[in-house]
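**Q** based on what follows, work out the 3D shape:
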Amino acid sequence: MGKTLRLTTTSLLILFAAAPSLPIAAHAADDEKPYKIQNGTVDQGTYNGYRRYGESCLRCHGPDGAGSSYAPNLTDSLKHMTKEQFQEVVINGRQNVTTSQENVMPSFGTTEDVVEYLDDIYGYLKARSDGAIGRGRPKRAGDD
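**A** Got it, this is the predicted structure:
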């Protein structure tokens, strides 16, 4: 299992390194939404992102990605961050220290439940950021 995680992390790092050299046509895919919503229900990946967010991110970033007194509102952050920037921060962490505050995002690069499902977590948060889904547990296709 550890070997799979290293391959996933390595694959992401290779992707980051290669991104500037990708042809412009490949960037057109960036316009596609990382989530799918049909008839008020979300796809399995987005729903899984909601679940994974609740397990690993909620305690700091609050319910629905809305932020807390010590971690930013991710629905606002994703209005200005690219997917690659989001992945970089989640995998490697970040320190933002000023005279008035000290914010530290720990690295989740070795946390399987985060790294393995990073696309799903991003899709869920991006759907929240875009206003495509509201607060609370999203309804997934097949739930009645």
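**Q** any idea how far S56 lies from K36?
**A** Here S56 is placed at a distance of 23 Å from K36 (Cβ to Cβ, to the nearest Å). C-beta coordinates here come from the backbone N, C-alpha and C atoms, glycine included.
**Q** enumerate the positions of the helix or strand that contains D113 that are buried.
**A** Here D113 sits within helix 112-115, counting by DSSP states H and E. In terms of neighbour count (16 or more other Cβ atoms under 10 Å), helix 112-115 has its buried residues at V114, V115.
**Q** and that helix, what does it pack against?
**A** helix 2-18, helix 44-56 (3 or more Cβ pairs under 8 Å, 6 or more residues apart in numbering; DSSP states H and E).
**Q** would you single out the least confident of those helices?
**A** Note on the helices and strands packed on helix 112-115: lowest mean pLDDT is at helix 2-18, with a mean of 47.
**Q** where does the protein have its least confident helix or strand?
**A** Scoring the helices and strands of the chain by mean pLDDT, DSSP states H and E places helix 24-27 at the bottom, with a mean of 43.
**Q** low-confidence ranges in this protein?
**A** Within the chain, the stretches with pLDDT under 70 are 1-31, 97-101, 144.
**Q** centre-most residue in it?
**A** Centroid-nearest residue in the chain: Y122, 2.6 Å away (criterion: Cα atoms, centre = their mean).
**Q** centre of the chain versus the helix holding D113, how much separation?
**A** Offset of helix 112-115 from its chain centre (Cα atoms, centre = their mean, to the nearest Å): 11 Å.
**Q** angle of whichever helix or strand comes after it against helix 44-56?
**A** Beyond helix 112-115 in the direction of the C-terminus, DSSP H and E gives the next helix or strand as helix 118-129. Between helix 118-129 and helix 44-56, the angle comes out at 90 degrees (axes from the mean of the first three to the mean of the last three Cα atoms, to 10 degrees).
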